[in-house]
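> using only what follows, build the 3D model:
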Amino acid sequence: MNPELLYEDQYFIAAYKPEGWLVHRSDIDKHEHRFLLQYLRDLVGAHLYPIHRLDKPTSGIILFAKTPEIAAALQEQLSSDRSIKSYLAVCRGYCPEQGVINHPLAPVNDFKHQRKRPKADLPRQEAITRYRRLATIELPISVDRYPNSRYSLVEVELVTGRRHQIRRHFKHISHPLIGCPKYGKSLHNRMFAEQFGCGRLLLHAYSLELDHPVTGERLHLKAPPKGEFLELLQRFSWAIPGGIG
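Residues are numbered from 1 along each chain as shown. Reported below is the predicted structural model:
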């Protein structure tokens, strides 16, 4: 699956990032050859400036500016409450119907040689996540010590934007995301891969609301999941806000 344009004007673009793509070249994965920034530069024929990031295993909406000034304006807005960033996620168990996770997080380093630094040396930062449960399912499949397995489809809104915030916050409330090797549960990840052919992280940036940095027009950008995530939603008869079409 290749990236695709969702929105473009003379100032910036919005694109769909497939899971498994890096936003730009990085030592995080020296063997990866799929880089979203270069692909989109070639696609639109213009120099692009990253505004924010999505982790390699996360899919969904991402923005790039065509000038440094627009990049700065959009970065400022995305870090404020003028923008609304919504995600879809699948977690283990029946999570509460809605809630706010207010749990400070220590910074996470990308590189293995930095991860050895003790957490006590890193000051924790404010981290706030809102969520609401959209759907649930109970499967007649035994995982771990239970005869059946329960899962939730959740809409998540980031209030702050810390590294791995959603994955870490859902681990904190004992509802880890499916497909996450770092903060999830390997038994559940393996079951989804074997039973449903879905081995990816089930986290997708599907909606972004913001003001246009020049015209001030309110933009509502949406990108429903594709591929394995979409197939899982259809298999479980799970609906998302605004539909999948």
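> make it CA atoms for all contacts and neighbour counts henceforth
Noted.
> next helix or strand past the worst-scoring helix or strand of the chain on mean pLDDT?
Lowest mean confidence among the helices and strands of the chain (mean pLDDT, DSSP states H and E): helix 112-115, at a mean of 45. As assigned by DSSP states H and E, the chain's next helix or strand after helix 112-115 is strand 128-139.
> pull out the buried positions in that following strand.
By 16 or more other Cα atoms under 10 Å, the buried positions in strand 128-139 come out as 128-136.
> so which of these is the closest to Gly199?
Thr136 (19.4 Å; Cα to Cα).
> for that closest one, which non-adjacent residue is spatially closest?
Ser152 (4.4 Å; Cα to Cα, 6 or more residues apart in numbering).
> confirm that that neighbour sits in a strand.
Yes: Ser152: assigned to a strand according to DSSP: H, G, I helix; E, B strand; the rest coil.
> ok, it - contacts?
Contact partners of Ser152, counting by Cα atoms under 8 Å, 6 or more residues apart in numbering, are 90-95, 133-137.
> tell me how far it lies from Ile166.
Distance, Ser152 to Ile166, by Cα to Cα, to the nearest Å: 15 Å.
> backbone phi and psi for the residue sitting furthest away from the middle of the chain, please?
Distance from the C-alpha centroid of the chain peaks at Pro147, with 30.4 Å (Cα atoms, centre = their mean). Backbone torsions for Pro147, taken as degrees, to the nearest 10, come to phi -70, psi -30.
> number of nearby residues for the residue nearest to it when sequence neighbours are not counted?
Spatial nearest neighbour of Pro147, excluding adjacent residues (Cα to Cα, 6+ apart): Ile141 at 6.4 Å. Ile141: 13 surrounding residues under other Cα atoms under 10 Å.
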